[in-house]
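Enquirer: sharing a model prediction with you, sequence too.
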Amino acid sequence: QQQVKQSPQSLIVQKGGISIINCAYENTAFDYFPWYQQFPGKGPALLIAIRPDVSEKKEGRFTISFNKSAKQFSLHIMDSQPGDSATYFCAASMRGIDWYGGSQGNLIFGKGTKLSVKP
Amino acid sequence: DAGVIQSPRHEVTEMGQEVTLRCKPISGHDYLFWYRQTMMRGLELLIYFNNNVPIDDSGMPEDRFSAKMPNASFSTLKIQPSEPRDSAVYFCASSQRRFEAFFGQGTRLTVV
């Protein structure tokens, strides 16, 4: 129940296309859903995050769509660029009552999606 | 701030040897995490500290693994004795909030 399932494992998209990565979770106590981006030889970096009280969050070309009833969320990358080629991880956490940490809330990561954007 | 600093970046060691990985978290962050990344298992949380105190080490795979945080600016992950199956990329991360981690560049460990 602590798992976050991510698909696809790899994705190839043409430049200018839309990249879509999907994640599903079981634990309804999760209330924070970030996406991390990892370039080769680097650590993961926070890209965008959403809370379950909204269905969509957009930051530039990156959008998170969230479906609470289906317990699914997805990352959409519009106008994909070769520079977006990286591995993307979804994650989930329980923030707890206290947004600033509290006593619970480790990040549970999906297995990652390797995105390649072809020029 | 230079971000989370890990050393060494690469480590190759022989089976049975002791390995020590080092981490300097971002100044002011009171959470520190150690993760392990492999192709098979993805990103796994090994242990995390809050205010230098180990809170949850349930992810530490075996007694061969140990972690310390003697002060707010330094942490170590030690493997003794090392085995080939310990080969992975080990990440240290820190945060002000437990769920928003800032990762270092990782240490690629190869045990031969």
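Expert: Ah, there it is.

Enquirer: for the rest of this, base every contact and every neighbour count on C-alpha atoms.
Expert: Noted.

Enquirer: so where do the strands sit in chain A?
Expert: Per DSSP state E, chain A carries strands over the ranges A:4-7, A:10-14, A:19-25, A:33-38, A:45-50, A:56-59, A:62-67, A:72-77, A:86-92, A:108-109, A:113-118.

Enquirer: wait, which of those strands is closest to B:Ser82?
Expert: Taking C-alpha to C-alpha, strand A:108-109 is the member of these nearest to B:Ser82, at 25.6 Å.

Enquirer: tell me which other helices or strands that closest one touches.
Expert: Contact analysis of strand A:108-109 by 3 or more C-alpha pairs under 8 Å, 6 or more residues apart in numbering or on different chains; DSSP states H and E lists strand A:86-92, strand B:42-50 as its packing neighbours.

Enquirer: for B:Ile26, give its distance to chain A.
Expert: Taking C-alpha to the nearest C-alpha, to the nearest Å as the measure, B:Ile26 falls 14 Å from chain A.

Enquirer: repeat for B:Val12
Expert: 16 Å.

Enquirer: kindly report the same for B:Val89.
Expert: For B:Val89 relative to chain A (C-alpha to the nearest C-alpha), the value is 10 Å.

Enquirer: count of neighbours near the residue nearest to that residue when sequence neighbours are not counted?
Expert: Once flanking residues are discounted, B:Val89 sits nearest to B:Arg108: 4.3 Å by C-alpha to C-alpha, 6 or more residues apart in numbering or on different chains. By other C-alpha atoms under 10 Å in any protein chain shown, 20 other residues sit near B:Arg108.

Enquirer: which ones are touching B:Arg108?
Expert: B:9-11, B:87-90 (C-alpha atoms under 8 Å, 6 or more residues apart in numbering or on different chains).

Enquirer: repeat that for B:Lys78.
Expert: For B:Lys78, the contact set (C-alpha under 8 Å, 6+ apart) comprises B:18-21, B:64-67.

Enquirer: of those residues, which belong to strands?
Expert: Per DSSP E, the contacts of B:Lys78 map to strands at B:19-21, B:65-67.

Enquirer: related to what we said a few turns ago, the residue nearest to B:Val89 bridge partners, please.
Expert: Bridge pairing for B:Arg108 (DSSP bridges) gives the partners B:His10, B:Val89.

Enquirer: assess the claim that B:Gly59 and B:Leu43 are in contact.
Expert: No. At 11.1 Å, B:Gly59 and B:Leu43 do not qualify as touching, with contact defined as C-alpha atoms under 8 Å.

Enquirer: where's the closest residue to chain A within chain B, which helix or strand?
Expert: Nearest to chain A, among the residues of chain B, is B:Gln105, at 4.5 Å (C-alpha to the nearest C-alpha). Using DSSP states H and E, B:Gln105 falls within no helix or strand.

Enquirer: re the thing from before, export the ones in strands among the contacts of B:Lys78 to a markdown table and append columns for pLDDT and distance to A:Asp79.
Expert: Output for those, formatted as a markdown table (pLDDT from 0 to 100; distance: C-alpha to C-alpha, whole Å):
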| residue | pLDDT | distance to A:Asp79 |
| --- | --- | --- |
| B:Val19 | 98 | 44 |
| B:Thr20 | 98 | 43 |
| B:Leu21 | 98 | 40 |
| B:Phe65 | 97 | 44 |
| B:Ser66 | 97 | 45 |
| B:Ala67 | 97 | 43 |
